[in-house]
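A.B. asks: Pasting a predicted model and its sequence here:
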Amino acid sequence: MHQLSKISMDMAYDAILWLALDGSIVYSNFSASRYLGYSEEELTQLTIFDLDPNYPREVWPQHVAEHKQKKSVSLESKHLTKDGRMIDVEISCNYVEWDGQEYFCSIVRDITERKESDNSLKLASLIYSETSQAMLVTDQENEIIAINPAFTALTGYAWDEVLGKNPKFLSSGRQDKSFYDSMWESLHLRGTWQGEIWNRRKNGEIYPEWLSINTVYDEKGAVYRRIALFTDITEIKKSEELIWNQANYDALTGLPNRRMTLDRLDFEIKKSRRENLPLVVLFIDLDGFKEVNDTFGHDIGDQLLIEVSQRILKCVRESDTLGRIGGDEFVVILGEVVDIDSTDRILKEMLNAISEPYLLQNHAVTISASIGLALFPDDSEDASTLLKSADKAMYEAKHRGKNQHCWYSELKTATR
Ligand SMILES: Nc1nc2c(ncn2[C@@H]2O[C@H](COP(=O)(O)OP(=O)(O)OP(=O)(O)O)[C@@H](O)[C@H]2O)c(=O)[nH]1
């Protein structure tokens, strides 16, 4: 019978250690050797304090008394293996009296793996609850089964308001069906999608977010969960917009700057080519603007530039472009001109409007402009050459006495 119980103890998955009341190991099974790395003989030379070096020896007598009284105690600790590893163990310590002797029979289970997975679960749950990224998890039916606190902070929706809902209730309506179709196509094909999307908060506010969706599949390869992570990118968009505006618009007048004006000219040339209609570029330079600055100061000069730009705008269609490309230099693009002769009327109106007196900070200021014109496709077919031609024509207008216009074609005729 004794032999049988030894065999069965050796077959046990858990380690079994018999301790005398002084903490010395008097018996161990096969599993104990397996996880601690010591032979049975070696273990009988050791004490519980060798296996558990952090065990405070001074409390041992107190623990012995308690364990004797309770008969059975469960606890978690760490054991040091022969090769120096500390492993997590779960111990069930039982007080046994046998053959007039007292023992503790400790059943020890190696829980290192469980601890590691507990720790990674704890870490995952910490990340889930503490991250500033909003998270949303849906099930096979695409119904929400989990959200994190950042989701509530970002969208304004609490857990009980979203549970079981299809996430499409967050849509802002800004993206069309084809946008969502291609998102779903990517999710079906690759299980992932990421990109920029506009959603709506509970308070109705529409905001841009960077969204990344991943899919978890079950063992049969069917969709099990989809996990969406997103961040509010309103501030990023705002600063991108600011940088873009600074790069493309003139801060004083709010008009397109040189770079943007050239882009528009490019675009309008392409349009005119498609429509087979001419396009006219006006290069406008103020006459004697330096004197306004010198006489009335830079502030009034600035105000004059703003006023002039507003007067020019009143003379053109909304679809035409007015840009400020230098100090007192403006460019107008008259796109898709059906009637070239109508340009002369616009020019007359513009020159008159600019030369009407201005009242700036109680000062009466007058100014005029010289305008050079170039025609697409006759004078040039590319944006920068067309602008240069208009510039040359403007110089000719100055040369002829200012406050007037000149077509580039007139220069070509003059040099012939
Ligand atoms: N107030 C103000 N002045 C500017 C600004 N940018 C450039 N200027 C001034 O605008 C003037 C432009 O020079 P010019 O075109 O040679 O001066 P102008 O007196 O108009 O000369 P003409 O074109 O030959 O009649 C310079 O004195 C610049 O200092 C600006 O943003 N604000």
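C.D. replies: It's in.
A.B. asks: can you list the domain ranges for the protein.
C.D. replies: For the chain, automatic domain parsing gives the domain ranges 2-111, 131-236, 249-415.
A.B. asks: hey, which of those is tucked in deepest?
C.D. replies: For the domains of the chain, the largest average neighbour count (mean count of other C-beta atoms under 10 Å) is found in domain 249-415, namely a mean of 17. C-betas here are computed from N, CA, C, even on glycine.
A.B. asks: what about that domain, distance to the chain center?
C.D. replies: Distance of domain 249-415 from its chain centroid, counting by C-alpha atoms, centre = their mean, to the nearest Å, is 41 Å.
A.B. asks: cool, and stretch 24-31?
C.D. replies: Computed by C-alpha atoms, centre = their mean, the chain-centroid distance of stretch 24-31 equals 58 Å.
A.B. asks: Okay, now it: how far is its last residue from its first?
C.D. replies: 18 Å (C-alpha to C-alpha, to the nearest Å).
A.B. asks: thinking again about what came up before, can you add mean pLDDT and distance to the ligand and give the domains of the chain back as TSV?
C.D. replies: Converted to TSV, these look like this (pLDDT from 0 to 100; distance: least, C-beta to the nearest ligand atom, whole Å):
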stretch	mean pLDDT	distance to the ligand
domain 2-111	91	73
domain 131-236	95	30
domain 249-415	94	2
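A.B. asks: could those domains be laid out in CSV, adding distance to residue 117?
C.D. replies: Below are the domains of the chain laid out as CSV (distance: least, C-beta to C-beta, whole Å):
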stretch, distance to residue 117
domain 2-111, 10
domain 131-236, 17
domain 249-415, 57
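A.B. asks: close enough to count as contact, residue 72 and residue 91?
C.D. replies: No. With contacts defined as C-beta atoms under 8 Å, residue 72 does not count as touching residue 91, sitting 10.9 Å away.
A.B. asks: my guess is residue 19 contacts residue 26, does it?
C.D. replies: Yes. Contact criterion C-beta under 8 Å: residue 19 and residue 26 qualify, at 6.8 Å.
A.B. asks: So for those two, which residues contact both of them?
C.D. replies: residue 103 (C-beta atoms under 8 Å, 6 or more residues apart in numbering).
A.B. asks: Name the next helix or strand following the helix or strand where residue 62 lies along the chain.
C.D. replies: Assigned by DSSP states H and E, residue 62 belongs to helix 60-70. Sequence order places strand 72-80 as the next helix or strand after helix 60-70, per DSSP H and E.
A.B. asks: Just the CA trace of that next one, in PDB.
C.D. replies: The C-alpha coordinates for strand 72-80 follow below in PDB (Å, rounded to 0.1, in the frame of the first residue of the first chain):
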ATOM      1  CA  SER A  72      -5.300  23.700   5.800                       C
ATOM      2  CA  VAL A  73      -4.100  27.100   4.400                       C
ATOM      3  CA  SER A  74      -3.800  28.200   0.700                       C
ATOM      4  CA  LEU A  75      -1.300  30.900  -0.300                       C
ATOM      5  CA  GLU A  76       0.700  32.200  -3.200                       C
ATOM      6  CA  SER A  77       4.500  32.600  -3.100                       C
ATOM      7  CA  LYS A  78       7.700  32.300  -5.200                       C
ATOM      8  CA  HIS A  79      10.100  29.400  -5.200                       C
ATOM      9  CA  LEU A  80      13.700  29.400  -6.200                       C
END
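A.B. asks: in its sheet, what does that strand sit against?
C.D. replies: strand 86-98 (antiparallel) (DSSP bridges).
A.B. asks: after the partner strand, next one along is what?
C.D. replies: In N-to-C order, the element after strand 86-98 by DSSP H and E is strand 101-110.
A.B. asks: before we move on, back to that, now for the helix holding residue 62, which elements pack on it?
C.D. replies: Applying 3 or more C-beta pairs under 8 Å, 6 or more residues apart in numbering; DSSP states H and E, one finds that helix 60-70 contacts strand 86-98.
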